[in-house]
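*Asks:* Whatever this is, show me its structure:
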Amino acid sequence: MTARPRPAHAGVVLGTHIYPATGAAAERMRGALDGWAALAGVHLVNLQFADDPNPVVHPSFETLAVLRQDSRRITGKDGPRKPTVRELLDRIVDVAEAIGAPYAGFSNADILVSPNAIARVAAGRHDAVIFSRMDVDPLTTAPTSEFFSGQDTLFIRPAVYRALRSRLRPYIVGEMPWDVIYTSVLLTHCRAELVNRGDDCRHVEHETIWTTSPFAPYGWRLAHRDWTYFARWYRYYEGAKTLRAAGRPAREEDALRRAVFGPLTMVERGKTAWRRLRYGGFRGAGA
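*Replies:* Numbers count the residues shown, from 1 in each chain. Got it, this is the predicted structure:
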């Protein structure tokens, strides 16, 4: 199923999973996706489940019904049907390679991605660019706070993704803690930029809905296998919070990030191998 012609080339590919929504959630998503449609130099992809007879579409997106993994199947739990981040990236990277786009990007479908974010990526200075978001008031759209404890949007060079894919486990979209672990992996293993100041990517505030998810145990089991990266993230995040609270300049936070996300030490490599063996037998834990 294709709702939009595929171009011969594009500056970046940006993909997501457009999910069934109603009420305020549908309005937030429609507002974000309509904004994506106005971005220049971006080919938009909507990834849907291969067996869904009624996929949700948007006229500005190429819709591909190609997803085969989902949250219910890999966890054995009942709940909302969600894709895995890794399969989404697999398919977005496929499209980027097919049209010769230098970057493949994924974002949650309710994130307001700005032209400035696309320009930052298209400048081509990094292997990957990862964005935190600026939360905005749902009524006034005024900025409320930088949500730098997590990330919603990332872009990566296709060849770099292929090289790092084995380190990126099949976490479920919209569930903790895929974002900070993917961020930690990219900051550790490639030339990645973390953008966690300003409003290049914005998000309309709403009630948190993932804290009591039936899929949470699955995500945390994967996180135990990736604890080296999770621990790295929190060493950086706790230090960054302290620096920001003290009003220290951004360059000090940049220096902290470089110090935390250097090459893995021998101790970290050993602990990572041990954790993968210990937790590798869990159903759906992924390779």
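
*Asks:* Quick check: buried residues in the helix or strand of the chain with the lowest mean pLDDT?
*Replies:* The least trusted helix or strand in the chain, going by mean pLDDT, DSSP states H and E, turns out to be strand 143-147, with a mean of 80. By neighbour count on 16 or more other CB atoms under 10 Å, the buried set for strand 143-147 is residue 147. Backbone N, C-alpha and C define where each C-beta goes, glycine included.

*Asks:* Report the distance from that strand to the chain centre.
*Replies:* Centre-to-centre, strand 143-147 and its host chain are 18 Å apart (CA atoms, centre = their mean, to the nearest Å).

*Asks:* name the helices or strands packed onto it?
*Replies:* Judged by 3 or more CB pairs under 8 Å, 6 or more residues apart in numbering; DSSP states H and E, strand 143-147 is in contact with strand 133-136.

*Asks:* contact partners of the strand it packs on?
*Replies:* 111-112, 142-147, 151-153, 198-205 (CB atoms under 8 Å, 6 or more residues apart in numbering).

*Asks:* Read off the pLDDT value for residue 284.
*Replies:* Note for residue 284: predicted pLDDT of 42.

*Asks:* thinking again about what came up before, residues making contact with the least confident helix or strand of the chain?
*Replies:* Defining contact as CB under 8 Å, 6+ apart, one finds that strand 143-147 is touched by 132-137, 196-199, 202-203, 205.

*Asks:* which of these sit farthest apart?
*Replies:* Greatest spacing in the contacts of strand 143-147, by CB to CB: 137 and 196 (19.9 Å).

*Asks:* Those two: who's more crowded?
*Replies:* Neighbour tally, residue 137 and residue 196, criterion other CB atoms under 10 Å: the higher count belongs to residue 196, 23 against 11.

*Asks:* Pull the contacting residues for that one.
*Replies:* By CB under 8 Å, 6+ apart, the contact list for residue 196 reads 131-132, 146, 148, 151.

*Asks:* the helices in the stretch 151-287 of the chain, which residues?
*Replies:* For the stretch 151-287 of the chain, the helices defined by DSSP state H, counting those that start in this stretch occupy 158-164, 178-189, 216-225, 227-245, 250-260, 266-279.

*Asks:* Could you do the stretch 1-150 of the chain as well?
*Replies:* Taking DSSP H, counting those that start in this stretch to define them, one finds helices in the stretch 1-150 of the chain at 23-37, 71-75, 85-99, 115-122.

*Asks:* Nearest to residue 172 among the ones you listed would be which one?
*Replies:* When those are compared by CB to CB, helix 71-75 sits nearest residue 172, at 4.8 Å.

*Asks:* gap between that closest one and the chain center?
*Replies:* That offset, for helix 71-75, works out to 19 Å (CA atoms, centre = their mean).
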